[in-house]
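K.L.:
sequence and predicted structure below; questions after.
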Amino acid sequence: MPRLKDFLELHFVIFLWGFTAILGKLISIPAVELVALRTLITAVALGFIIYRRRTAFWLGRQMVLKIVGVGFLIAAHWILFFAAARVASVSICLIGMATCSLWTAFLEPLFSKTRVKPHEILLALLIIMGLYVIFQHETEFNSILGISMAIGSALLASVFTIINAKLVKKVPSTTITCYEMAGACLGTVLFFPVYTAVFAEGGALDFTLSAMDWTYLLVLSLACTVYAYTAGVRLMKRISAYSMNLTVNLEPVYGIVLAWFIFNEGEQMSAGFYYGAAIILMSVFIYPIIDAYAERRKKLKQTFPDEVMAGKD
């Protein structure tokens with residue numbers, strides 16, 4: 001059962017995730033190279049923490065391969081995420097990421113073999129409406145490409161969040177994150193040949209980092225990944241994947257506010273963007289009310305089935 005402390009920590013983690021897009025845009029190297037370095041630093045740092053804490057590390061070949069495979073999804077998620085922020089803007093990238101709850105509403109029942117909740121579908125429709133409003137007003141190619149990449153990133157985030165919610169019941173969160181970061185680094189490196197042949201500017205990798213880039217990269221790797229990602233996985237022990245992803249919808253709020261101050265992005269967005277964003281973010285505040293009512297009605301129906309069916313609840 002989640003405690004207030006868990007929800008407060010979750011919001012702090014989400015604030016750090018909102019700051020991630022800012023750091024990703026501030027660091028000068030391309031998204032693919034950034035993900036490779038971020039995941040390498042994170043995996044090494046987590047390996048050191050596991051060694052010092054004597055946390056269980058070897059999980060058997062089958063489990064290790066499964067977790068490393070999840071890391072490949074994370075690599076693709078981050079590459080799309082950082083690329084979206086650079087192609088369009090931090091604000092557009094983060095609003096696209098808010099569709100995590102839309103994807104989770106449909107995917108989590110498939111993984112857990114449960115029925116889709118009607119109110120989760122309602123929230124998904126609200127998010128689709130918000131995206132429609134944004135697409136109607138953001139007509140620039142870069143904006144459309146950026147939000148499309150961010151939506152793809154959100155889909156991948158939803159999948160690995162659902163998988164992690166199951167893994168964390170069997171494996172320590174630090175160990176999961178270490179293997180996933182190693183897998184993400186490996187997946188990114190394996191992507192290098194395709195990337196340099198098709199996408200990289202000049203057909204070559206770029207790892208040229210300034211002193212400020214290294215500072216941002218270490219904050220991104222250690223605070224926003226080692227701590228935030230491990231804490232996020234650990235919190236899944238007490239908070240459901242859907243509640244987790246729905247709360248993550250607040251990531252755009254924190255990120256957009258930061259972007260206003262750092263990049264002055266408020267002047268770049270159309271009014272339609274804010275209307276659509278407001279519809280999407282409204283789902284965050286509607287969900288607890290609807291979910292609490294649905295749970296209350298479900299319990300009453302189990303206790304007094306005849307009275308509830310007659311509308312006397």
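P.N.:
Right, received. Where do you want to start?

K.L.:
S240 contacts K166, correct?
P.N.:
No. S240 is beyond contact range of K166, at 11.7 Å (criterion: CB atoms under 8 Å). For the C-beta atoms, the positions are set from N, CA and C on the backbone; glycine is no exception.

K.L.:
the more surrounded of those two?
P.N.:
Taking neighbours as other CB atoms under 10 Å, S240 and K166 compare with S240 leading, 16 against 13.

K.L.:
what's the separation between the more buried one and W78?
P.N.:
The gap separating S240 from W78 is 24 Å, by CB to CB, to the nearest Å.

K.L.:
ok, L46 - how many residues close by?
P.N.:
Neighbourhood size, L46 [other CB under 10 Å]: 24.

K.L.:
list the contacts of it.
P.N.:
T174, T177, C178, M181, V226, T230 (CB atoms under 8 Å, 6 or more residues apart in numbering).

K.L.:
quick one, grab the pLDDT at the first one.
P.N.:
Predicted confidence (pLDDT) for T174: 84.

K.L.:
need the next SSE after the strand or helix carrying it, C-terminal direction.
P.N.:
For T174, the element it lies in under DSSP states H and E is helix 173-194. Using DSSP H and E, the helix or strand that follows helix 173-194 in sequence is helix 211-218.

K.L.:
just the terminal-to-terminal distance for stretch 21-34.
P.N.:
Across stretch 21-34, the terminal residues are separated by 12 Å (CA to CA, to the nearest Å).

K.L.:
contacts for that stretch, please.
P.N.:
Under the criterion CB under 8 Å, 6+ apart, residues 37, 78-79, 81-83, 85-86, 90, 93-94, 188, 191-192, 195, 199-201, 205-210, 212-213, 216-217, 219-220, 224, 255, 258-259, 262-263 lie in contact with stretch 21-34.

K.L.:
just the buried ones from the residues you listed?
P.N.:
37, 78-79, 81-83, 85-86, 90, 93-94, 188, 191, 195, 200, 209, 213, 216-217, 219-220, 224, 255, 258-259, 263 (16 or more other CB atoms under 10 Å).

K.L.:
what residues of the helix or strand harbouring F7 count as buried?
P.N.:
Per DSSP H and E: F7 is located in helix 4-26. Neighbour-count burial for helix 4-26, counted by 16+ other CB under 10 Å, picks out 6, 9-10, 13-26.

K.L.:
any idea how far the helix or strand following it is from the middle of the chain?
P.N.:
Moving toward the C-terminus from helix 4-26, the next helix or strand (DSSP H and E) is helix 31-53. Taking CA atoms, centre = their mean, to the nearest Å, one finds the center of helix 31-53 at 18 Å from the center of the full chain.
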